[in-house]
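1. have a look; sequence and predicted model below, questions after that.
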Amino acid sequence: CLCLLHAIDNPLRNIYLAGTMRSELFDFSDEDLATLQKLSPELTETDGSLWQNIKEKAEKGGDALSAKCADFRDKLLSYKKASVGIPSDQLLLKLYRELKIRNIVSEKNFNRYTENAPLRRENLNLLYHCARRFENQSFRGLSAFLDYLAERESDPKGLHSATIADEGGAVKIMSIHASK
């Protein structure tokens, strides 16, 4: 979700754009990204050429990747336009609703690194509440919210991920393999 917010804020930052494209939200493959890179072989992390290549491929049309790029471009531009006029917490709700992010992170195969869907949903809630607290101070917008997150991330007492308490009275069900 953070890659998506960064890509909406500034699509010229290739690393966040590529992360958003590879996510389960848009499902571009490594092959898709390689094809886009071939349009501009000198692609670097910060030159914005990935965004230019997406727009170029979307304009050409004629194949599945072009259609995928056109859809991605249109959605990103739509969210970028929306981000100008609404607080970051409202933008997050819009993204959660329209892209069905809460449903996607609840899928079992969502992320090979994290198996706990309730934890992933709680992290989305924490991000929303962080944005809400930030915007309650006064309207600041997406760029200011991302700067705020970067500052909080470097602070040891800053951002925290959700955790699930291991309560002593709970029963834990394990497979034979997990109990070894």
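-> All right, it came through fine.

2. when you work out contacts or count neighbours from here on, use the C-alpha atoms and nothing else.
-> Will do.

3. in the helix or strand bottoming out on mean pLDDT in the chain, what counts as buried?
-> In the chain, no helix or strand scores lower on mean pLDDT, DSSP states H and E than helix 101-106, which sits at a mean of 85. For helix 101-106, the neighbour count (16 or more other Cα atoms under 10 Å) marks 101-102, 104-106 as buried.

4. residues in contact with it?
-> 24-25, 95-96, 110-111, 117-118, 120-121, 124 (Cα atoms under 8 Å, 6 or more residues apart in numbering).

5. out of the residues you listed, which sit inside helices?
-> Members of these lying in helices (criterion: DSSP state H): 95-96, 117-118, 120-121, 124.

6. which of those residues are buried?
-> Counted by 16+ other Cα under 10 Å, those give 95-96, 117, 120-121, 124 as buried.

7. about what we covered before: list just the nearest of the ones in helices among the contacts of helix 101-106 to Asn10.
-> Leu95 (16.3 Å; Cα to Cα).

8. rewinding a little: tell me how far the least confident helix or strand of the chain lies from the chain's centre.
-> Chain-centre distance of helix 101-106: 12 Å, with Cα atoms, centre = their mean, to the nearest Å.
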